[in-house]
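J.: Predicted model and sequence below, questions to follow.
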Amino acid sequence: MRARKLYDVQYPLLYADESHANRDDFNCIQRGHQNFLESWGPSSVLMVVNGILLPKTSAVCGALITVGRIIYGIGYALKGPDGRVPGAMIAHLGDFPLFLLSFYTGAAMLGWVKKN
């Protein structure tokens, strides 16, 4: 909401059009926000599924994802597309292990591996 007011981009437009004076600045903020929303659902599911057997590991990975996504959004808003990299790297330190652990969790739930 603050970016919409600051850059005067009215609803229902998702992004500022090409004729807008601050198009790139607003669109970077909006894309960072949109990317957070797109990645949050799958990350939450992975945290819940893996949290059944590995709650502490899932919580740490979830914290890394959250901190990384916040840094991602701030970097994208302030520096444009190049500012995304540090936050993305931190977030992937959380989401990639959760993805891999989901295979272990599934195998453990099916009785294929011994649960800790």
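T.: Great, that's in hand.
J.: which residues of the chain fall in helices?
T.: Per DSSP state H, the chain carries helices over the ranges 2-7, 23-51, 55-79, 85-109.
J.: Counting by contacts, list what the second one packs against.
T.: In other words, helix 23-51. If you count contacts as 3 or more CB pairs under 8 Å, 6 or more residues apart in numbering; DSSP states H and E, helix 23-51 packs onto helix 2-7, helix 55-79, helix 85-109. (Each C-beta comes from the backbone N, C-alpha and C, glycine too.)
J.: For that helix, give the mean pLDDT please.
T.: For helix 23-51, mean pLDDT rounds to 94.
J.: Would you mind listing the buried residues in that helix?
T.: For helix 23-51, the neighbour count (16 or more other CB atoms under 10 Å) marks 25-32, 35-36, 39, 43, 46-47, 49-51 as buried.
J.: next one: the third one
T.: Across helix 55-79, burial judged by 16+ other CB under 10 Å covers 58, 61-62, 64-66, 68-69, 71-77.
J.: Now flag whichever of the residues you listed is closest to Met109.
T.: Ser58 (14.4 Å; CB to CB).
J.: Distance check, the closest residue to the closest one other than its chain neighbours against Thr57.
T.: Using CB to CB, 6 or more residues apart in numbering and skipping the chain neighbours, the partner closest in space to Ser58 is Gly51 (4.0 Å). Per CB to CB, to the nearest Å, Gly51 is found 8 Å from Thr57.
J.: re the thing from before, tell me the spacing between the residue nearest to Ser58 and Gly94.
T.: Using CB to CB, Gly51 is found at 13 Å from Gly94.
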